[in-house]
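Trainee: got a sequence here, can you model it:
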Amino acid sequence: MSHRMAPLRLAARGLALVSIGALAACSSGSKATSGSSTTQPRKSAAVNATAGLVGVVSAGQPAQLSDADKTAVLHAVDGYVRAATLEPLKGKASNLDSLFATGAAPSATAPERDALSDDGLPPMTGGAKATLVPVSMSGLADVSGAIDLVGTTIDLTVTGTAGKGAITIHRSGELMFERDGSNWKILSFKLAVTRDGAGLGTASSTTTGSSTP
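Mentor: Prediction:
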């Protein structure tokens, strides 16, 4: 990440999450550009993230998130969903460290890791059905207009059947991404997950977790 973004990185935990919430509630703002999408949530064994509201909070002149960056951020969200949920539900271990920015990967302890991934759940027979609500994106631009941080919403529901019956997983919250060349890596997250179904030990379990660099 470039040194020019250091002030914004220090404010990421507050400003970025506030701006994501603002996008969800309203698309206006003196230094933000935003758009809306009527795309409906998609259901499939693999998730293809679509864009919801998109805006930029700028420390200088108004800026816009490029189409290439939007696509790359959505690709990063897809990668997270596959690694954190869809792969574990096939009986495979999640591989999350490669998705995180250098030094930002969370420890393998609860509740952060439990909120972040579905490791340890019984594999779903016949595949999982995933529904991902369109992803809102809020970029943070420095005074020169460079955007190296993008916050996103995530609202994911996964359903399927394991050995003892039906299971439903709902995960929601925010992911903060940092530019890494042409890719985007997770810098921090704030997530809550609820799991319901047979064979989970309890009728319902809810965990929340957050991580900051």
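Trainee: now do the helices in this structure.
Mentor: 6-10, 17-25, 67-81, 112-116 (DSSP state H).
Trainee: worst average pLDDT in the ones you listed?
Mentor: Lowest mean pLDDT of these: helix 6-10, a mean of 40.
Trainee: dig out what the residue nearest the centre of the chain forms beta bridges with.
Mentor: Nearest residue to the geometric centre of the chain (Cα atoms, centre = their mean): Leu175, 3.9 Å. Listed by DSSP bridges, the beta-bridge partners for Leu175 are Thr152, Phe189.
Trainee: pLDDT wise, what is it at?
Mentor: Looking at Leu175, the pLDDT reads 96.
Trainee: residue contacts, the residue of the chain positioned farthest from its centre?
Mentor: In the chain, counting by Cα atoms, centre = their mean, Lys164 sits farthest out from the average C-alpha position, at 29.4 Å. By Cβ atoms under 8 Å, 6 or more residues apart in numbering, Lys164 lies in contact with Pro122, Gly197, Ala198, Gly199. Using the backbone N, CA and C atoms, a C-beta is placed for each residue, glycine as well.
Trainee: one more time with 10 Å, if that's ok
Mentor: Pro122, Gly197, Ala198, Gly199, Leu200 (Cβ atoms under 10 Å, 6 or more residues apart in numbering).
Trainee: run a quick neighbour tally on Val143.
Mentor: Applying other Cβ atoms under 10 Å, we find 12 residues neighbouring Val143.
Trainee: please tell me how far Pro111 sits from Gln61.
Mentor: 41 Å (Cβ to Cβ, to the nearest Å).
Trainee: more neighbours: the two, which one.
Mentor: Between Pro111 and Gln61, counted using other Cβ under 10 Å, Pro111 has the larger neighbour count: 15 against 10.
Trainee: Lys185 touches Val77, doesn't it?
Mentor: No - Lys185 lies out of contact with Val77 (Cβ atoms under 10 Å); the separation is 12.0 Å.
Trainee: neighbour count winner among those two?
Mentor: For Lys185 and Val77, the more surrounded residue by other Cβ under 10 Å is Val77, and the numbers stand at 24 against 20.
Trainee: could you dump the contacts of Lys164 to TSV with pLDDT?
Mentor: Below are these laid out as TSV (pLDDT from 0 to 100):
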residue	pLDDT
Pro122	88
Gly197	87
Ala198	78
Gly199	73
Leu200	77
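Trainee: per-residue pLDDT, Ser138?
Mentor: 97.
Trainee: ok, it - how many residues close by?
Mentor: 29.
Trainee: so it is in contact with Ala63, correct?
Mentor: No - the pair Ser138 and Ala63 fails to qualify as a contact (Cβ under 10 Å) at a distance of 11.8 Å.
Trainee: sorry, back to before: between Lys185 and Val77, what contacts are shared?
Mentor: With Cβ under 10 Å, 6+ apart as the test, Lys185 and Val77 both reach Phe177.
Trainee: tell me where the model's unsure across the protein.
Mentor: Applying pLDDT under 70 to the chain flags residues 1-46, 108, 110, 201-205, 212-213.
Trainee: that one: strands as residue ranges?
Mentor: Per DSSP state E, the chain carries strands over the ranges 42-44, 51-58, 125-132, 135-141, 147-162, 165-180, 183-197, 204-211.
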